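Asks: My questions concern the predicted model and sequence given below.
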Amino acid sequence: IYTPVQEDEIELVIKRRLFQEINESDAKRIVDEFVTYAEREGLLSGEDVIRYRERFIKSYPFQPEVIDVLYKRWGSFPTFQRTRGVLRLLSLLIYSMRDSQNPYIRLGDFDLKNDEIRTELIKHIGMEYDSIIASDITSQNAGARKVDMEMGDAYRPYRLGTVTATTIFMLSFSGGPEKGGTIKEIKLSSTHPDVPSSVIDSVLNKLKEKLFYLSDEGWFFTNQPNLNRILVTKEEGISDPIVVEQERELLKKFLSTGKPRFSTY
């Protein structure tokens, strides 16, 4: 079996195919700024700093995780054509970000509202994820968008709820047993040098409270509703007349024994 593209060549192939040119001095400056930030925030340490800088320069403008996750995790699906599939998705991603001012591209930058990007992803994991993405990430009332608004004026422009939920989604799937990510991995692909990485801890806590398909067992999405969804479903099944009747019965039970203190109707 002849493999036309080796794993250590994929970044170079992608850059050659997708970009006419990349300003290497600008790339090095941006990568250095991010690595310095990540080291200061405790997201990288020791020899990881040197290795990460080298990998980021090689993969720029994509963070290394973008290519790793697509090529190794999503690429492990039998239906996913590794090099072609990665090129197809990244070309759609670049086009969707053509007006963006972001200095580099993260996992959290995949626009799951984009029909082509979403379709390219969910055809490998199941069409039921179309409604799951809408419910938790992209719809007007999605939990991730509620978190965007709850983070306050200073952080609202960064859409941290949506970006972080998208990062988790992209880390959630593979053709093998690997799924989800650690908090440190999620932070690397979600945070921004202008934002303290500790803010992502708050975002993650809020997502746990608001998302319906974020697993109760780790940082990954599943097609099974979590406890949040189950509770909301039960609450939706209880009508106001039922609540009023229950209140009336409780009042009668506790306030009408012996000499009544209140009249109940």
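Replies: Nice, thanks for sending it over.
Asks: Please report how far the closest residue to residue 165 other than its chain neighbours lies from residue 134.
Replies: Leaving aside its sequence neighbours, residue 165 sits nearest to residue 144 (C-beta to C-beta, 6 or more residues apart in numbering; 3.9 Å). All C-beta atoms are positioned from the backbone trio N, CA, C, and that covers glycine. From residue 144 across to residue 134, the span is 11 Å (C-beta to C-beta, to the nearest Å).
Asks: Looking at the two, which is more packed in?
Replies: Legend: neighbour count by other C-beta atoms under 10 Å for residue 144 and residue 134, higher for residue 144 (29 against 16).
Asks: That one belongs to a strand, doesn't it?
Replies: No: assessed with DSSP: H, G, I helix; E, B strand; the rest coil, residue 144 is helix; it does not lie in a strand.
Asks: got the contact list for it?
Replies: Residue 144 makes contact with 136-138, 161-162, 164-166, 207, 210-211, according to C-beta atoms under 8 Å, 6 or more residues apart in numbering.
Asks: And it, how far from residue 156?
Replies: Here the criterion is C-beta to C-beta. By it, residue 144 lies 13 Å from residue 156.
Asks: Just after the helix or strand of the chain with the lowest mean pLDDT, pick out the following helix or strand.
Replies: Least confident element among the helices and strands of the chain, by mean pLDDT, DSSP states H and E: helix 227-236 (a mean of 70). As assigned by DSSP states H and E, the chain's next helix or strand after helix 227-236 is helix 240-255.
Asks: any idea how far that following helix is from the chain center?
Replies: 43 Å (C-alpha atoms, centre = their mean, to the nearest Å).
Asks: can I get the CA coordinates of that helix in PDB?
Replies: Extracted in PDB, the C-alpha atoms of helix 240-255 (Å, rounded to 0.1, in the frame of the first residue of the first chain):
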ATOM      1  CA  ASP A 240     -50.100  25.200  35.200                       C
ATOM      2  CA  PRO A 241     -53.400  23.700  36.400                       C
ATOM      3  CA  ILE A 242     -51.400  20.700  37.700                       C
ATOM      4  CA  VAL A 243     -49.100  22.900  39.600                       C
ATOM      5  CA  VAL A 244     -52.000  24.900  41.000                       C
ATOM      6  CA  GLU A 245     -53.800  21.800  42.100                       C
ATOM      7  CA  GLN A 246     -50.600  20.500  43.800                       C
ATOM      8  CA  GLU A 247     -50.200  23.800  45.600                       C
ATOM      9  CA  ARG A 248     -53.800  23.600  46.800                       C
ATOM     10  CA  GLU A 249     -53.400  20.100  48.100                       C
ATOM     11  CA  LEU A 250     -50.200  21.000  50.000                       C
ATOM     12  CA  LEU A 251     -51.800  24.000  51.500                       C
ATOM     13  CA  LYS A 252     -54.800  21.900  52.700                       C
ATOM     14  CA  LYS A 253     -52.500  19.300  54.100                       C
ATOM     15  CA  PHE A 254     -50.200  21.600  56.200                       C
ATOM     16  CA  LEU A 255     -52.400  24.600  57.000                       C
END
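Asks: now that helix: mean pLDDT?
Replies: Mean pLDDT, helix 240-255: 77.
Asks: what does stretch 168-181 give?
Replies: Throughout stretch 168-181, pLDDT has a mean value of 91.
Asks: Over to stretch 145-154?
Replies: 93.
Asks: do the same with stretch 210-218
Replies: Throughout stretch 210-218, pLDDT has a mean value of 92.
Asks: all strands of the stretch 101-250 of the chain, in order?
Replies: Using DSSP state E, counting those that start in this stretch, no strands are found in the stretch 101-250 of the chain.
Asks: I'd like to check which residues are in contact with residue 226.
Replies: Contacts of residue 226 (C-beta under 8 Å, 6+ apart): 211-216.
Asks: I'd like to know which of those residues are buried.
Replies: 211-215 (16 or more other C-beta atoms under 10 Å).
Asks: Among the residues you listed, which one sits closest to residue 91?
Replies: Nearest to residue 91 among these: residue 213, at 28.1 Å, using C-beta to C-beta.
Asks: got the contact list for that closest one?
Replies: Residue 213 touches 132, 135-136, 221-226, 229, counting by C-beta under 8 Å, 6+ apart.
Asks: I am finished for the moment; much appreciated.
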